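let's see this in three dimensions:
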Amino acid sequence: MKKKKKIYITVEKTDTGYSAFTEDEQVYTTSRNIRELYENLIEALELASDDPEVVITKDQLQLNLDLQQFFKNYKVINANFLAERIGMNPTLLSQYVSGKKRPSARQTEKIIQGIQMIGRELADLEFV
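The predicted model follows:
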């Protein structure tokens, strides 16, 4: 069994689910949800490989969405709340989310870290 390197996937939200592609491997697929998208990508990448020994895992896939796509998909995350948590002007984050402005690499990293922090907090919650 051979594992491949990290594979970068561009994901776009569609009216019926998701579309994903990677130019490096020239693989395209669609799905109704993210879980199914991972399954379809793994299958497509393994089929596209010239080597039958290659095994693709979810950990090797790096899904890339732009901020508009992210907030369109994860409507449960409030941009104003996120802006407050990461110390960013809510209007500026709103402009990034709407596509009126593009965040710098530093701002993008700040946003990603804030989203991941909220995700960890949610993962640690227990209800009584």
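
which strand is the longest one in the chain?
strand 7-13 (DSSP state E).

can you name the next helix or strand after that one?
strand 18-22 (DSSP states H and E).

report the distance from that next one to the chain centre.
11 Å (CA atoms, centre = their mean, to the nearest Å).

that strand packs against which elements?
strand 7-13, strand 27-31, helix 34-48 (3 or more CB pairs under 8 Å, 6 or more residues apart in numbering; DSSP states H and E). From N, CA and C alone the C-beta is placed, and that goes for glycine too.

tell me which of these sits nearest to residue 62.
For residue 62, the closest of the helices and strands packed on strand 18-22 is strand 7-13, at 4.9 Å, according to CB to CB.

pull out the buried positions in the closest one.
Neighbour-count burial for strand 7-13, counted by 16 or more other CB atoms under 10 Å, picks out 7, 9, 11, 12, 13.

out of the helices and strands packed on strand 18-22, flag the one nearest residue 119.
Taking CB to CB, helix 34-48 is the member of the helices and strands packed on strand 18-22 nearest to residue 119, at 13.6 Å.
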